[in-house]
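**Student:** Build the 3D model from these lines:
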Amino acid sequence: MKKALKYVVTILMVLSVLVLTACDKYASSWSAAGFVHSNSSKSASMSFWKFKGNIVYKLKCKDSTKEVLKYKGNLNNEDEEENGTINVYYDIDGTKKELFSLKNGESIEASLDKLNEGTVYIIVETDGRCENGALEFNIE
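**Tutor:** Prediction:
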């Protein structure tokens, strides 16, 4: 009886680990200092003093005929040796596409209106270490 209970508990633990480790399409991996970020179903934002790596945000589009993805961002590297670039991609249909790219001193404010209903992935990747930046994404 104890042996059977042991196997049942082991199987339940393995199943719970599999359920709790959700398998998302994209994974985040970053190192940062002075980093503040948030993510809800309709918005995501990040601001940082130093950031290197990638982070993924998930937004939800409920009505593709009315909703628009509005985004803005800026990057101001202070250290000339650290000339990192931010590349931002989106995935609304299973294909990763470039949304925009920022180099030192650049900023952007624009929108994307051809969304599909469902999950909108925003993938932020850096090429090198970036400093003093901020990004904002909103589905309106």
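**Student:** in the sheet, who's paired with T85?
**Tutor:** Beta-bridge partners recorded for T85 (DSSP bridges): D127.
**Student:** ok, now which ones touch the residue most central in space within the chain?
**Tutor:** Centroid-nearest residue in the chain, with Cα atoms, centre = their mean: V56, separated by 1.9 Å. Counting by Cβ atoms under 8 Å, 6 or more residues apart in numbering, V56 makes contact with 24, 26-28, 121-124. All C-beta spots, glycine's among them, are computed from the backbone N, C-alpha and C.
**Student:** try 10 Å
**Tutor:** V56 makes contact with 24-29, 39, 44, 89, 91, 121-125, according to Cβ atoms under 10 Å, 6 or more residues apart in numbering.
**Student:** Name the strands paired with the longest strand seen in the chain and say parallel or antiparallel.
**Tutor:** Longest strand in the chain by number of residues (criterion: DSSP state E): strand 43-61. In the sheet, strand 43-61 lines up against strand 29-33 (antiparallel), strand 36-39 (antiparallel), strand 118-127 (antiparallel), strand 130-139 (antiparallel) (DSSP bridges).
**Student:** Many thanks, have a good one.
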